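Colleague: generate coordinates for the sequence data below:
(one chain, ligands or ions: 2)
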Amino acid sequence: MSEHERTFVMVKPDGVQRGLIGDIVSRFEDRGLKMVGGKFMQIDQELAEEHYGEHADKPFFDGLVDFITSGPVFAMVWEGQDATRQVRNMMGETDPAESAPGTIRGDYGLDLGRNVIHGSDHEDEGANEREIELFFDEDELVDWDQIDSSWLYE
Ligand code: IDP
Ligand code: MG
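Modeller: Numbers count the residues shown, from 1 in each chain. Ligands and ions are numbered 1, 2, ... in the order given. From the prediction side, this is the model:
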């Protein structure tokens, strides 16, 4: 398993408004994941519709696009062994009400439509690369060595 697997993660507008960026970044840092990209930004209609394209025919699509464009987000790329699946595990279920305490959505959310964080789907092959490319230019991602990586990986 590669230590260099990268996954796309985003604090949604509700998480930004509630001041949760720092807590969420801390959780991933504490876990041993490495941030290789980060961008505070506002998503426009076009990017929102593309990002959530798989849900275009769902009844909640328009509300989802309105919500994700309603305020700033913090988009990130995190790198580490099995990063996509581990981030999803740390996020909890899609519905915060079904998410275990200790997960991000289980600790910070109550409502399906306000679930604080997005992470690439580990069951959707290629979602990672697709979403990273959609949000970041190549030169916005930083290759760097973490001084303590020998204490994280055998
Ligand atoms: P995920 O974010 O856990 O990958 P998806 O099924 O990909 O979940 O749905 C994308 C986003 O759409 C969810 O995070 C949530 O914000 C929203 N969403 C999903 N299902 C519903 C719903 O039934 N009602 C309202 N919003 C929903
Ligand atoms: Mg999804």
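Colleague: so what's residue 131 closest to, chain neighbours aside?
Modeller: Excluding the flanking residues, the one nearest residue 131 by Cβ to Cβ, 6 or more residues apart in numbering is residue 8, at 3.8 Å. Where C-beta positions appear, they are placed from N, C-alpha and C, glycine not excepted.
Colleague: tell me the residues of this structure that contact ligand 1?
Modeller: By Cβ under 6 Å from any ligand atom, the residues of the chain that approach ligand 1 are 55, 60, 64, 94, 112-113, 115, 118, 121.
Colleague: using the three-state scheme, assign the residue nearest to residue 131.
Modeller: On the three-state scheme (DSSP: H, G, I helix; E, B strand; the rest coil), residue 8 is labelled strand.
Colleague: run a quick neighbour tally on it.
Modeller: Neighbourhood size, residue 8 [other Cβ atoms under 10 Å]: 26.
Colleague: export the residues of the chain next to ligand 1 to TSV and tack on secondary structure, neighbour count and distance to residue 36?
Modeller: Shown next, in TSV, are the residues of the chain next to ligand 1 (DSSP: H, G, I helix; E, B strand; the rest coil; neighbours: other Cβ atoms under 10 Å; distance: Cβ to Cβ, whole Å):
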residue	secondary structure	neighbour count	distance to residue 36
55	helix	13	27
60	coil	12	31
64	helix	18	27
94	coil	11	25
112	coil	14	30
113	coil	12	30
115	coil	23	24
118	strand	19	17
121	coil	17	20
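Colleague: tell me which residues in the longest helix belonging to the chain are buried?
Modeller: Secondary structure of the chain per DSSP state H: the longest helix is helix 21-31. The neighbour-count check on helix 21-31 (16 or more other Cβ atoms under 10 Å) flags 21, 24-25, 27-28 as buried.
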